[in-house]
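Novice: I'd like to go over a predicted model; first the sequence, then the structure.
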Amino acid sequence: MTNYRTLDDVTVEYFTQHPEEIDNFLNETFADYALDGDSAVLLSALRIIARVKGISAMAEQVGMTRQGLQKALSARGNPRLDNINAIMRAMGYQLMPMPYRLESAAV
């Protein structure tokens, strides 16, 4: 039986090898979320970066169990704002408001 890698697996591998690309990835993901409100895509991106940084270590920093962090970042997850803030902080980021870019809305 062949074990195929998922797109998430490939993406985690890429960002593990190219950590300098994470900033752009997260910026674009949050910009897209601002336009379409697709929280499943946003949580998927955060889950990918959490895997790159180490789920267990991040869960400990955030004060959650590994399973709790994975559930919060699942497609059906609905984490509280304070959890998202803690997750972002553990990744080395902060949540900050930015002016809405009108040129992005036209795309």
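Specialist: Received it, and whenever you're ready, just let me know what you need.
Novice: Leaving out chain neighbours, which residue sits closest to Glu21?
Specialist: Excluding the flanking residues, the one nearest Glu21 by Cβ to Cβ, 6 or more residues apart in numbering is Phe15, at 6.3 Å. No exception for glycine: its C-beta is placed from N, CA and C like everyone else's.
Novice: Would you confirm that that neighbour contacts Ala50?
Specialist: No. At 10.8 Å, Phe15 does not count as touching Ala50 under the criterion of Cβ atoms under 8 Å.
Novice: which one of these two has more residues nearby?
Specialist: Ala50 (24 against 18; other Cβ atoms under 10 Å).
Novice: Pull the contacting residues for that one.
Specialist: Met58, Leu69, Leu73, Ile87, Met91 (Cβ atoms under 8 Å, 6 or more residues apart in numbering).
Novice: Based on its surroundings, how many neighbours for the fourth one?
Specialist: To tie it back to what came earlier, the one meant is Ile87. 26.
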